[in-house]
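A.B. asks: sharing a model that was predicted from the sequence below.
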Protein chains: 4
Amino acid sequence: MKYLLPLLLLFPLVSWTQDPHRHSRVTRFPDIPGYLSLSCDFHIHTVFSDGSVWPDIRVQEAVRDSLDAISLTEHLEYQPKKADIPNPDRNRSHEIASQLAKPYELLVVRGAEITRGMPPGHNNAIFIQDANKLMLNEPVPVFQEARRQGAFVFWNHPNWTAQRKDGIARMTELHKQLIADSLLHGIEVINDLTYSDEALQIALDYKLTIMGTSDIHGLVDWQFETEKGGHRPFTVIFARERTESAIREALFDRRTVALFQHTLVGREEWMLPLLHTSLRVRKASFIGTSSILEVELENLSDIPFLLLNSSGLTLHQHTGFIEAAARSITRIQVKTVDKGPVIDLPFLVLNAVVAPHRYALLPLKAQAED
Amino acid sequence: MKYLLPLLLLFPLVSWTQDPHRHSRVTRFPDIPGYLSLSCDFHIHTVFSDGSVWPDIRVQEAVRDSLDAISLTEHLEYQPKKADIPNPDRNRSHEIASQLAKPYELLVVRGAEITRGMPPGHNNAIFIQDANKLMLNEPVPVFQEARRQGAFVFWNHPNWTAQRKDGIARMTELHKQLIADSLLHGIEVINDLTYSDEALQIALDYKLTIMGTSDIHGLVDWQFETEKGGHRPFTVIFARERTESAIREALFDRRTVALFQHTLVGREEWMLPLLHTSLRVRKASFIGTSSILEVELENLSDIPFLLLNSSGLTLHQHTGFIEAAARSITRIQVKTVDKGPVIDLPFLVLNAVVAPHRYALLPLKAQAED
Amino acid sequence: MKYLLPLLLLFPLVSWTQDPHRHSRVTRFPDIPGYLSLSCDFHIHTVFSDGSVWPDIRVQEAVRDSLDAISLTEHLEYQPKKADIPNPDRNRSHEIASQLAKPYELLVVRGAEITRGMPPGHNNAIFIQDANKLMLNEPVPVFQEARRQGAFVFWNHPNWTAQRKDGIARMTELHKQLIADSLLHGIEVINDLTYSDEALQIALDYKLTIMGTSDIHGLVDWQFETEKGGHRPFTVIFARERTESAIREALFDRRTVALFQHTLVGREEWMLPLLHTSLRVRKASFIGTSSILEVELENLSDIPFLLLNSSGLTLHQHTGFIEAAARSITRIQVKTVDKGPVIDLPFLVLNAVVAPHRYALLPLKAQAED
Amino acid sequence: MKYLLPLLLLFPLVSWTQDPHRHSRVTRFPDIPGYLSLSCDFHIHTVFSDGSVWPDIRVQEAVRDSLDAISLTEHLEYQPKKADIPNPDRNRSHEIASQLAKPYELLVVRGAEITRGMPPGHNNAIFIQDANKLMLNEPVPVFQEARRQGAFVFWNHPNWTAQRKDGIARMTELHKQLIADSLLHGIEVINDLTYSDEALQIALDYKLTIMGTSDIHGLVDWQFETEKGGHRPFTVIFARERTESAIREALFDRRTVALFQHTLVGREEWMLPLLHTSLRVRKASFIGTSSILEVELENLSDIPFLLLNSSGLTLHQHTGFIEAAARSITRIQVKTVDKGPVIDLPFLVLNAVVAPHRYALLPLKAQAED
């Protein structure tokens, strides 16, 4: 939590989860073993394509959201403000933003949106060297040039109704070929206000990196209603360090969980570590001389977790559904009967999707204190 | 005020669900076909047994909570304030409260708590004629006298840890006999802050009326944290009219759903009508020329509904979990593909429990407008 | 919902002041006799000078703020984004915004900021015909050209520390000449986050129109913290109708009150009608058989009023300070002793400034109902 | 701030003013030089006279309000619940409460309300030894007995409309005699929801201790709307230590400030130290190279302060009125022109009343940092 670090140094005993000054729009997760949990939004527009703001606003929004990395991915081909902003340099908004980001610990990754009809539809190339060199007529050579530059490329909003009338993401022969040729590496399962079960299935079937992005054109505050507690969609990336190259490596290695509307979507192998580090049993103790175990669930993340008790044991103060509020401790009372001091407490996490219609099962354990 | 005028013209009257003055502690439900949905709390204490307030506070709390009926069920046998309040008349708190309730449309039902060790534990007799006549030594004759008076009797907190160390409600031979003899008719599945899956199973197995009560001794506001949006537990009773006799009849007929912490617990046959009248499809229309149907779910109740999409169809803006906020319209976008203008939209309602570990399945339907 | 029914019957229509959907950032006032009270912000920037957003955001901000009129007053001479937006047409941002405003009842007035060192400092010319014709070397000819075009011209932030190190607005010989030649007509007493007592005195001394503007460069929401209940500064203009020409006429006639941070600043002659239409005695009646008069003060505006009792009578439930909350009824109890059924109730309005260190005295009257 | 002490020990660097867990109903002030600032409510009823709750609720309310001392001052003569609570022992509620208060650092002072027609009206005797001995026919002997017991006695609600139809507190010959005979020592200037300018004048004229009390009969939360940020009225007493005898000594020495609705009422000699310790200049520094001094006003109390700039200097971001929010830092910018690095910053504090229609003038000073 970089922006809060100076504060934390001054107040070493106030833990992250209890920081009252934390703005509710900030949506962060604790690190997982071996990796930092970085919040990244790699699909953003400014006036340099069809967005409504100068790059400085994008930097400030990211700072307010406490993001670790962004990319301004202007449309290479779609330039509706050309009459007023004729500059043909497609690197321009990146350059402005990366200058403005210097006072902050915000990484600005060079990117561009390859904007075509379906197939291949829209695709973002990030970690490129020069957006201008991607200005080619035929689509496949653009992907090839992106690969030459070392880009990580992902398929944008495959469920976009302008290109898929029924909103259903569907694989195409061209996309299969791009994947086969290592020209396409990820897919947006979350874009703006939308989520696609079908895109998630494609990601799993074709081993694509799961991405979530804001695709913001207007203002983040308005589009995602931050005033009412909303937040922009983004991707949690598990990187070895807070550098561009570490994030790029993580993306190629598919170490991501996407997020929108306080809901996580990701591969089980990355979802479980993220859940384990976010929600833990803090303490458990028998109530009086009873066999009822009071368990303190501590949610260290900025989203609530929606849990269904899957332990087979019944609860004394809940039916089966439990909301573990963000940055809080939630107490549940488990009727252990004769199970002894150690019990299994698996929960189905209803806002943690690991496959279409499948939710993460978090296998917590509680041990009574002496 | 130009921008607001069209809104005012469209909604010339403030409907119940949109009333902004509605205190969040008020928790009401629309009526169901053929019955009024009455909010009733039939387990309450005052200084006349072991509570901390005079009956006037109980009346005011009920008015603030917009309840339809209450009963002050003082312990017949347990009188810790006897040194200061020696009055042996067990009808006294009822008489005070029923006088004070007159300016309001609040029914005050005469009741008493039969307070014994387990079995039979604690049991409330309501709709009695004279509490003093229940002051008998042996327990069974008390139940018999209650029946003579026409009482409806229910088993209080069968999961109470003072009487069940493991918090598990268990049937006893005495209770079986009371039920067989028509001396016991209901059971608290919800009491104060607790819920019991086992008590629910007993209710279903033995055809007992499902009850939820506050069992309040201190202040409702403090115990149930009304300031933070909490509410007291109570029972929704489906009565033909707002009278004592209609409520009594409904109780004997098991027409109830219990409520705590925004969670409903009841028999499926009464849960479904309550859900149907509380949550309905208000409107549905295809978005543009797409096959995506936007469905407006209108929640007319004072609790949110926690829904899991069980339609088999995928959604454009949700994974599978939907929170339909209280007194609000929630919009979902269903990818119908080629299903045509009428679709089935069943939802699992996670805060509507119909049996241990079983949630109500609400079979909504949506039809696209022309 | 029995307890609420009587309320609904009494108030069958939702009046403006009680509309719960009213966004708190909206800051409106009722009309005064003979004139509409129009909310206007005539000092705004976009990417076409040194602002950070495209004109569409300015239109949307104005719609969210429920403004009646705005003007995009780009700097004629200061063009820091010229490298990217080289268009020399100084009318361009106005043209974009006026197109985008068409679906709304928002007037977009053509304007420009004449940007010079002090004197004459910065001045806004609004209601011009062609901003490009104002691109002249010497300042006075610019003002002359503006007059030729029929412009209303006002002096911007005369207290700006970049031009006045001590923050004190001071008249200059050049400004006196501009005023004498009818080339300068108004002065900003409020600009962005600042207010100037000295500018107010200049306005009164030189018969200049009192102006308040946002001078927004970034986002209105961030600069004025709308999320926390803040609002942009603007000018309430009393116009005969909602047209550009009526607003222009009102400005030349000095019919304005400026507003920032829920504080009004204006000439007494326009402040008093605005206060009278915003805050009125709704009802007064003696309490029981006492001589204490309960007076209902109704605040029909979107700002609170901070009142000091100046009646000489003492109050039963207040010391002397009363806050009359926005869109609410505030009850005060006046000890009339033997004053009879009609009493004078003058209040000093501490957030209504009519001269440096001088607050409006609002001469309310209350008459007891029979 | 006793209840927070354990927390403060754990988090030594979180200052009191920034404690986020602080319940808004808690209304505390920092200590003044030489004295503790103790929050005391010495006019409270329970079911043992005409109140609606058992003494346990009064103890819990006081704990929630973080009070230092209370007194349960049951009416000696008025016993409307006598039929149910016939106990003639007027010390009874005190005894119950003082037992229940033991786990907390709450002092429960023995008291009683002498309840007569006017004159002498109602008067509270606190720090008595035995309430039963005050049960005498004639009023003056009751005061004499109270004095014999060492009581501090104050005149309750001299503005009560049941005894003063016009709500005007007026001195009587009997009261003059009681004062002359050292039988009456204080007067309620604040009682429940009311304030009396005339009672304040009597306090000043006759050297009576200024008192503010809740006179609570129902629930503190409801009567004073704690849910909406309200608080009970009480008296801040400046005592040498947190003991009954120190509080009693302070009362006889008139070291009090009364409080209701976030408004202080007291003698100037105690108001000013309280304001000085509550609101201070934390830091001041010139902005850039300008002569504008930014001054940080730190409000360490739980009430906001409503300030009118009385310095003669004008402000850069305020007209003249400043609200210094509770437990916050408020920044103001003072245009010092050529006043140098040290300036006088007197403020009129509109919610600090020191005499009828007279507000405290707080003579702050600011010195620019180097």
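C.D. replies: Yep, it's here.
A.B. asks: okay, how far is it across stretch A:333-341, tip to tip?
C.D. replies: 14 Å (C-alpha to C-alpha, to the nearest Å).
A.B. asks: can you give me the buried ones in that stretch?
C.D. replies: For stretch A:333-341, burial by neighbour count (16 or more other C-beta atoms under 10 Å in any protein chain shown) applies to A:Q333, A:V334, A:K335, A:T336. Heads up, the C-betas are built off the backbone N, CA and C, glycines and all.
A.B. asks: and for chain A, the residue most distant from the center?
C.D. replies: Using C-alpha atoms, centre = their mean, the residue of chain A lying farthest from its centre is A:T289. It sits 44.7 Å away.
A.B. asks: A:L362: what secondary structure?
C.D. replies: Three-state call for A:L362 (DSSP: H, G, I helix; E, B strand; the rest coil): strand.
A.B. asks: bridged to it, which residues?
C.D. replies: Counting by DSSP bridges, A:L362 forms beta bridges with A:F347.
A.B. asks: for D:E269, see how far away it is.
C.D. replies: Distance, A:L362 to D:E269, using C-beta to C-beta, to the nearest Å: 63 Å.
A.B. asks: the more surrounded of these two?
C.D. replies: A:L362 (21 against 10; other C-beta atoms under 10 Å in any protein chain shown).
A.B. asks: hmm, back to that, need the contact list for the residue farthest from the centre of chain A.
C.D. replies: B:K165 (C-beta atoms under 8 Å, 6 or more residues apart in numbering or on different chains).
A.B. asks: could you do A:F143 as well?
C.D. replies: Contacts of A:F143 by C-beta under 8 Å, 6+ apart are A:I114, A:P120, A:N123, A:A125, A:V153, A:L178, A:D181, A:L183, A:L184.
A.B. asks: how about CSV for the residues you listed, with neighbour count and distance to chain D added?
C.D. replies: Below are the contacts of A:F143 laid out as CSV (neighbours: other C-beta atoms under 10 Å in any protein chain shown; distance: C-beta to the nearest C-beta, whole Å):
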residue, neighbour count, distance to chain D
A:I114, 26, 47
A:P120, 23, 50
A:N123, 29, 45
A:A125, 29, 44
A:V153, 25, 45
A:L178, 23, 51
A:D181, 12, 55
A:L183, 21, 51
A:L184, 26, 47
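A.B. asks: among those residues, which are in strands?
C.D. replies: Among the contacts of A:F143, the members falling in strands (DSSP state E) are A:I114, A:N123, A:A125, A:V153.
A.B. asks: the closest residue to chain D within the stretch 251-370 of chain A: how many residues sit nearby?
C.D. replies: Per C-beta to the nearest C-beta, A:R327 is where the stretch 251-370 of chain A lies closest to chain D, at 11.6 Å. A:R327: 20 surrounding residues under other C-beta under 10 Å.
A.B. asks: you'd agree it is up against A:D302?
C.D. replies: Yes: taking C-beta atoms under 8 Å as the definition, A:R327 is a contact partner of A:D302 at 6.5 Å.
A.B. asks: ok, what's across the strand from the most centrally placed residue in chain A?
C.D. replies: Residue closest to the average C-alpha location in chain A (C-alpha atoms, centre = their mean): A:T235, at 2.1 Å. Here A:T235 sits in beta bridges with A:C40, A:A258, going by DSSP bridges.
A.B. asks: that one and A:P30, how far apart?
C.D. replies: Separation of A:T235 from A:P30 (C-beta to C-beta) stands at 16 Å.
A.B. asks: same thing with A:V353?
C.D. replies: Distance of A:V353 to A:P30, given as C-beta to C-beta: 20 Å.
A.B. asks: neighbour count winner among these two?
C.D. replies: Ranked by neighbour count (other C-beta under 10 Å), A:V353 and A:P30 place A:V353 first, with 25 against 17.
A.B. asks: OK, contacts around the more buried one?
C.D. replies: Listed by C-beta under 8 Å, 6+ apart, the contact set of A:V353 reads A:L200, A:T263, A:L264, A:V265, A:G266, A:Y359, A:A360, B:T319, B:G320.
A.B. asks: now do A:D50
C.D. replies: Residues near A:D50 by C-beta under 8 Å, 6+ apart: A:H75, A:Y78, A:Q79, A:P80, A:K81, A:H217.
A.B. asks: and which of those residues is nearest to D:W222?
C.D. replies: Closest approach between the contacts of A:D50 and D:W222, by C-beta to C-beta: A:H217, at 49.5 Å.
A.B. asks: the closest one reaches A:H45, doesn't it?
C.D. replies: Yes: if you go by C-beta under 8 Å, A:H217 and A:H45 touch, sitting 5.0 Å apart.
A.B. asks: so what sits against both of those two?
C.D. replies: Common neighbours of A:H217 and A:H45 (criterion: C-beta under 8 Å, 6+ apart): A:G51.
A.B. asks: quick one, which of the two is more surrounded?
C.D. replies: Neighbours were counted for A:H217 and for A:H45 using other C-beta under 10 Å; A:H45 has more, 23 against 16.
A.B. asks: which ones are touching the more buried one?
C.D. replies: Neighbours of A:H45 in contact, by C-beta under 8 Å, 6+ apart: A:G51, A:L72, A:T73, A:E74, A:H75, A:E113, A:D215, A:I216, A:H217.
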